[in-house]
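K.L.:
This is the structure alone, sequence omitted:
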């Protein structure tokens with residue numbers, strides 16, 4: 001199977017070719033996909049909580065997002081950016097969750113259209129705004145089947161000690177009173193993986209749907225190659241020395257393979273509308289699935305293309 005990076009053609013007669021990564025806007029590209037043609041959508045979508053261009057999904061112009069603190073300087077490279085507290089620093093920050101849901105609502109109906117009945121969707125949406133993605137997907141017609149837990153093997157702990165803050169202020173009484181307390185979050189070892197399904201046709205059954213559309217069940221035998229028990233928890237990290245460094249939110253190919261084998265068969269079509277550096281597409285190609293990816297950043301498209309080209313079929 002060949003893999004090439006293509007730039008979107010807006011001509012009405014333009015058709016997407018499978019086993020490709022396309023450079024362009026996902027909202028435009030998805031309209032070119034044939035209805036009820038996709039067996040699985042697996043995507044690490046933007047979380048809407050960062051400052052990278054691809055992750056800013058709101059109109060908030062509050063420039064106080066980044067900054068520095070003594071804790072950042074001490075921690076070094078692991079703690080390069082200072083995020084906003086959950087309650088934000090301006091009234092406009094309170095609208096970010098709602099705007100994230102509105103953004104998800106733009107593409108969710110198209111995802112519904114292109115999927116086969118009873119086909120699955122796996123979405124990495126982050127902990128903070130995942131509930132907004134769920135609402136948008138349900139509004140589009142999807143059913144939330146489950147919320148899997150991906151347990152990472154490594155995760156930085158960036159919570160600042162309250163006592164250190166008071167010490168710098170010279171407030172030694174508060175420093176002593178608040179020893180052991182921190183500002184921020186617990187170590188983020190867990191990430192949710194939202195599992196949706198497109199409802200099967202009224203008047204039929206899942207078993208009938210499997211025979212007609214070849215989706216709707218899950219392959220427990222194949223899944224057990226990746227987990228010890230048939231449970232909704234997957235433990236893994238990036239394969240050291242073989243992957244990593246292609247994208248700031250890169251996911252392990254092993255993880256994507258587990259989800260692909262759980263819900264699809266060989267030669268079925270896997271779509272990733274926010275492909276990043278291509279971990280979903282790499283996993284699909286390695287498993288003998290057809291694949292299709294969209295990515296708006298040329299740097300990541302190039303990384304994806306190189307990764308796919310290195311796979312021998």
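P.N.:
Now that the structure is in, tell me what you want to look at. Quick caveat: nothing in here was measured; it's all calculated off a predicted structure. Numbering: from 1, shown residues only.
K.L.:
so where do the strands sit in this protein?
P.N.:
Assigned by DSSP state E, the strands in the chain fall at 5-7, 20-23, 38-44, 115-124, 143-152, 160-161, 182-183, 190-197, 233-236, 269-272, 290-295.
K.L.:
The last one pairs with which strands?
P.N.:
It refers to strand 290-295. Partner strands and pairing direction for strand 290-295 (DSSP bridges) are strand 20-23 (parallel), strand 269-272 (parallel).
K.L.:
Reformat the strands of the chain as a markdown table; add distance to residue 254 and mean neighbour count.
P.N.:
Backbone N, C-alpha and C define where each C-beta goes, glycine included. Putting these into a markdown table (distance: least, C-beta to C-beta, whole Å; neighbours: other C-beta atoms under 10 Å) gives the following:
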| stretch | distance to residue 254 | mean neighbour count |
| --- | --- | --- |
| strand 5-7 | 24 | 15 |
| strand 20-23 | 20 | 23 |
| strand 38-44 | 13 | 24 |
| strand 115-124 | 14 | 24 |
| strand 143-152 | 11 | 15 |
| strand 160-161 | 33 | 18 |
| strand 182-183 | 32 | 15 |
| strand 190-197 | 13 | 20 |
| strand 233-236 | 5 | 16 |
| strand 269-272 | 16 | 27 |
| strand 290-295 | 17 | 26 |
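K.L.:
Now render the ones you listed as a markdown table, adding distance to residue 208.
P.N.:
Formatted as a markdown table, these follow (distance: least, C-beta to C-beta, whole Å):
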| stretch | distance to residue 208 |
| --- | --- |
| strand 5-7 | 37 |
| strand 20-23 | 33 |
| strand 38-44 | 17 |
| strand 115-124 | 10 |
| strand 143-152 | 17 |
| strand 160-161 | 56 |
| strand 182-183 | 54 |
| strand 190-197 | 15 |
| strand 233-236 | 30 |
| strand 269-272 | 21 |
| strand 290-295 | 24 |
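K.L.:
quick one on the thing from earlier: of all the strands paired with strand 290-295, which one is nearest residue 248?
P.N.:
Shortest distance between residue 248 and the strands paired with strand 290-295, using C-beta to C-beta, is found for strand 269-272: 16.8 Å.
K.L.:
For residue 274, the count of nearby residues, please.
P.N.:
Here the number of neighbours of residue 274 (other C-beta atoms under 10 Å) works out to 19.
K.L.:
gap between it and residue 179?
P.N.:
Note on residue 274: its distance to residue 179, by C-beta to C-beta, to the nearest Å, is 43 Å.
K.L.:
And for residue 288?
P.N.:
Per C-beta to C-beta, residue 288 is found 56 Å from residue 179.
K.L.:
can the strands paired with strand 290-295 go into CSV with extra columns for distance to residue 218?
P.N.:
CSV is the format used below for those (distance: least, C-beta to C-beta, whole Å):
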stretch, distance to residue 218
strand 20-23, 27
strand 269-272, 15
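K.L.:
returning to that earlier point: switch the strands of the chain over to TSV; also include distance to residue 304 and mean pLDDT.
P.N.:
Output for those, formatted as TSV (distance: least, C-beta to C-beta, whole Å; pLDDT from 0 to 100):
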stretch	distance to residue 304	mean pLDDT
strand 5-7	7	46
strand 20-23	5	95
strand 38-44	13	97
strand 115-124	17	97
strand 143-152	21	96
strand 160-161	36	88
strand 182-183	38	90
strand 190-197	21	96
strand 233-236	20	96
strand 269-272	9	98
strand 290-295	7	96
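K.L.:
among these, which is nearest residue 250?
P.N.:
Nearest to residue 250 among these is strand 38-44; the distance by C-beta to C-beta comes to 8.3 Å.
K.L.:
Pairing partners for the closest one, with directions?
P.N.:
In the sheet, strand 38-44 lines up against strand 115-124 (parallel), strand 269-272 (parallel) (DSSP bridges).
K.L.:
Just want the angle from that strand to strand 190-197.
P.N.:
Taking axes from the mean of the first three to the mean of the last three C-alpha atoms, to 10 degrees, one finds strand 38-44 and strand 190-197 inclined to each other by 160 degrees.
K.L.:
In this structure residue 100 contacts residue 132, no?
P.N.:
Yes: Residue 100 is in contact with residue 132 according to C-beta atoms under 8 Å; the separation is 5.0 Å.
K.L.:
Between these two, which is the more surrounded one?
P.N.:
Neighbours per residue (other C-beta under 10 Å) separate residue 100 from residue 132, with residue 100 holding more: 25 against 22.
K.L.:
Fine, thanks again, bye for now.
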